[in-house]
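Q: here's a sequence, model it:
(one chain, ligands or ions: 1)
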Amino acid sequence: MQAEDTENRARTRAEKGAEKGVEKVEGKNVEKGAESSHAESARRAYGLLKEAAAPDRHHLWWAVLWLAIAAGLEVVGPLLGKRLIDEHLLPRVLDWPAMALLLGAVVATGCASTWLRYLQLVRLSGLAMRSVQRLRERVYGHVLRLPMAFFDRAITGQLVSRVTNDTEAVKGLYIQVLFVILDSTIVLAGTILAMAWLDWRLMSLVVALMPCVLLIVWLYQRLSAPAVAKARQLRSDINAQVAESIGGMSVLQANNAQARFAERFSRTNEDQYTQRVAEIRANAWLLRPALDMLNVVLLASVIWLFGQRADGTVLGVAEVGVLYAFISYIARVIEPLIQITMQFSQLQQSVVATARVATLLDEAGAPEHGKGAPDAANETAAPGTPAIDIRHLDFAYVDNQKVLHDLSLQIPQGAFYGIVGHTGSGKSTLLSLLLRYYPAPRGSILMNGVPLDDIGHDAFRASMGLVPQDPFLLAASARDNIDMGRNLPVERIERAARAAHAHDFIMALEDGYDTLLGEGGSRLSSGQKQLIAIARALAGEPRVLMLDEATSRIDSATEQVVQQALDELRGQVTIIAIAHRLSTIRDADRIVVLNHGRIEESGSHDALMRIEGGLYQRLYLLQQLAA
Ligand SMILES: Nc1ncnc2c1ncn2[C@@H]1O[C@H](COP(=O)(O)OP(=O)(O)OP(=O)(O)O)[C@@H](O)[C@H]1O
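A: Residues are numbered from 1 along each chain as shown. As a prediction, the model looks like this:
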């Protein structure tokens, strides 16, 4: 019962958040959400859209106004043409100035309408780009603040896609919704009104045939949808294949797998081509011919109705102008209808993508720490207060699967502690909790006597330095890699590099500290990368330095260099080092041996070696044998 309670306590807020986060981020759940509530997706998407466009709202209103004026001008053109025919050409009233004025007005309204539309497209595109820019920055900023627990199960590719592709889809939403649909709707409404004003019966005929356009476009979309979806899927397969082969190029070449990869790529490429052709064929064989036919049917019907109304007599003079205007309007009815219908599937995709972005933005950020509380640099900490005080720490990533059990440990100021243990014994987990990547149960970890939760973010990060297992390097200069965006003074960077024994090899590079290290530091050896990572941690002048397998990739000579660097820091910085290579922590003040998340042994190297059959002794002797 008590164990159950402890397990429940160990199920931290972050875990729940992470599970929720993954549930929300992963595509299948997003689809689930989209299925269950498309309206909800649309609401969220439009909410986000509104927010992102808020600073440019005035542009939106101006665009709507100008588009309405452009549509009005477009509708006026055929009316002017009708007047020219009815009042001048047919009755042979050749009043040249009036005719020139009418003709000029037809041309001027056409040009003005096109020009206004173009300007609004530019305006709305600018608004769309700025909104995407804003949104992308917001999403990226949000992702940077998410708790580490979120990234455990989030899929990197999907997250990248949220920040890049899905935010880009918002642009589609603007252009489609605001420009095409808005513009087409205004033109359509204006044209129908003008037709009704000219002749409501003819207008009724045109309006009656309008559903046929919708039907044709709907049919086309139904028929082409599988090809479109398949082509899109294949395109992302192409991207994935290229990314995968570039990422694993050394393995690929070592296994002489180029031909197989090229063949696989060409198959996917061929499939994508086939699907694209199917899509284009559906357009060429169904959509265009059917719409052209409909256009002809509409024209023929209008002319036929005119014939009926002429009632055996010659067409009334005024009616020829109306006929001209109607013929002009028919094209203006069909095109916007096609545009509106065609945009809908695109619109739906954009809405789903935007809703995914909104879901990611809803993800709770890392908890805020230490509001108004003392920080780790607390000068008033009583003498003898441990740098790190771990009290009965329990932790589980997943419900009912405890990884750390009732761990208690005190690390004095300036001490060097080594943590060892078998793979999976919980060493990295302990480090993650000390680094606040996951929230430990409240009060179970104290730093300088202050609960970890109560230490402000900046003070906490400034007092902690980490050298991770994988020395993550940016595609930037050696200096930037040590600085890591902190704008540290040059002297401090060089001092840290010297302390990490990285200065000499950096100076040997062609541009010294300004040498670009390549993607992931590809220009450096593994050991050199680790030394840069150590320099980076030291440059922050931390009070506590954590090393997670910092010597795993370096040779014995470089390991001695690291040991020397650590020795030089002894007494000034509290050092906690996880090491599989026990030689690295041999000289530590105390070595803590973890076994299945429990402290099994603890003491100096010599003390631990004296425990006959002890875990540390066995590990050490095994390593000696292997060496
Ligand atoms: N993010 C995570 N989510 C769920 N379980 C995890 C996570 N990270 C680690 N674990 C589990 O916690 C246990 C301890 O893992 P941890 O990485 O702390 O071990 P370790 O002692 O550092 O191992 P190694 O020496 O191989 O790095 C393992 O059983 C592992 O499967």
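Q: please enumerate the helices of the stretch 401-550 of the chain.
A: Here the stretch 401-550 of the chain has its helices, by DSSP state H, counting those that start in this stretch, at 427-434, 457-463, 478-483, 490-499, 503-508, 526-539.
Q: make TSV out of those and add mean neighbour count and mean pLDDT.
A: Any C-beta I mention is one placed from the backbone N, CA and C, and that applies to glycine too. Shown next, in TSV, are these (neighbours: other C-beta atoms under 10 Å; pLDDT from 0 to 100):
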stretch	mean neighbour count	mean pLDDT
helix 427-434	22	91
helix 457-463	17	84
helix 478-483	23	92
helix 490-499	18	91
helix 503-508	16	92
helix 526-539	24	89
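Q: measure the spatially most central residue of the chain to G365 for me?
A: Among the residues of the chain, the one closest to the centroid is V163, at 1.9 Å (C-alpha atoms, centre = their mean). The span separating V163 from G365 equals 15 Å under the rule C-beta to C-beta, to the nearest Å.
Q: what of H501?
A: Taken as C-beta to C-beta, the span from H501 to G365 is 38 Å.
Q: out of those two, which sits in the busier spot?
A: H501 (18 against 14; other C-beta atoms under 10 Å).
Q: which residues does L407 bridge with?
A: Under DSSP bridges, the beta-bridge partners of L407 are L393.
Q: burial measure for it, as a count.
A: Neighbours of L407 (other C-beta under 10 Å): 23.
Q: tell me who's in contact with it.
A: By C-beta atoms under 8 Å, 6 or more residues apart in numbering, the contact set of L407 is I390, H392, L393, D394, L430, G597, R598, I599.
Q: next: S113.
A: Contacts of S113 (C-beta under 8 Å, 6+ apart): A70, A71, L73, E74, G77.
Q: repeat the analysis, applying 7 Å as the threshold.
A: A70, L73, E74 (C-beta atoms under 7 Å, 6 or more residues apart in numbering).
Q: and the gap between D514 and the ligand?
A: Here D514 is placed at a distance of 35 Å from the ligand (C-beta to the nearest ligand atom, to the nearest Å).
Q: is that residue in contact with A476, as I believe?
A: No: counting by C-beta atoms under 7 Å, A476 is not a contact partner of D514; they are 10.0 Å apart.
Q: more neighbours, those two?
A: A direct count of neighbours by other C-beta under 10 Å for D514 and A476 places A476 higher, at 16 against 12.
Q: model confidence for the more buried one, exactly?
A: As predicted, A476 sits at a pLDDT of 88.
Q: residues contacting it?
A: Residues near A476 by C-beta under 7 Å, 6+ apart: L516, L517.
Q: now do the SS call for whichever residue of the stretch 251-400 of the chain sits closest to the ligand.
A: At 3.2 Å from the ligand, Y397 is the closest residue in the stretch 251-400 of the chain, using C-beta to the nearest ligand atom. With DSSP: H, G, I helix; E, B strand; the rest coil as the basis, Y397 sits in strand.
Q: would you mind measuring from it to V403?
A: On the measure of C-beta to C-beta, Y397 and V403 end up 6 Å apart.
Q: same deal with Q241?
A: In this view, Q241 and V403 are 36 Å apart by C-beta to C-beta.
Q: so which of the two has more stuff around it?
A: Under the neighbour definition other C-beta under 10 Å, Q241 and V403 were set side by side, and V403 has more, 19 against 15.
Q: test my guess that that one contacts G421.
A: No: using C-beta under 7 Å, V403 makes no contact with G421, being 11.9 Å away.
Q: now the common contact residues for those two.
A: In contact with both V403 and G421: no residue, using C-beta under 7 Å, 6+ apart.
Q: so where's this structure uncertain?
A: For the chain, the stretches with pLDDT under 70 are 1-38, 153-154, 157, 176, 309-319, 345, 366-367, 369-381, 553, 626-627.
Q: which residues of it lie near the ligand?
A: Neighbours of the ligand within the chain, by C-beta under 6 Å from any ligand atom: D152, Y397, V398, V403, G421, T423, G424, S425, G426, K427, S428, T429.
Q: pipe those into CSV and attach distance to S131 per row.
A: Converted to CSV, these look like this (distance: C-beta to C-beta, whole Å):
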residue, distance to S131
D152, 32
Y397, 38
V398, 39
V403, 43
G421, 51
T423, 48
G424, 47
S425, 49
G426, 46
K427, 46
S428, 41
T429, 41
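Q: can you tell me which two in those residues are farthest apart?
A: Greatest spatial distance in the residues of the chain next to the ligand: D152 and G421, 21.0 Å, computed using C-beta to C-beta.
Q: these two: who's more crowded?
A: Taking neighbours as other C-beta under 10 Å, D152 and G421 compare with G421 leading, 24 against 17.
Q: now the more buried one. Nearest residue, chain neighbours left out?
A: With sequence-adjacent residues excluded and distances taken as C-beta to C-beta, 6 or more residues apart in numbering, G421 is closest to L594, at 3.5 Å.
Q: check S245 too.
A: F261 (5.2 Å).
Q: next up, phi/psi of G449, please.
A: Backbone dihedrals for G449, given as degrees, to the nearest 10, come out at phi 80, psi 0.
Q: what's the neighbour count on it?
A: Neighbour tally, G449, other C-beta under 10 Å: 16.
Q: is the closest residue to it other than its chain neighbours in a helix, a strand, or coil?
A: If you skip the residues right next to it in sequence, G449 has T385 as its closest partner in space, 4.3 Å away by C-beta to C-beta, 6+ apart. Per three-state DSSP, the secondary structure class of T385 is coil.
Q: quick one: T385 and L435, what's the gap?
A: Taking C-beta to C-beta, one finds T385 at 20 Å from L435.
Q: ok, Q530 next?
A: For Q530, the distance to L435 equals 18 Å [C-beta to C-beta].
Q: from the stretch 1-150 of the chain, which residue is nearest to the ligand?
A: With C-beta to the nearest ligand atom, the shortest gap between the stretch 1-150 of the chain and the ligand falls at A149, namely 7.4 Å.
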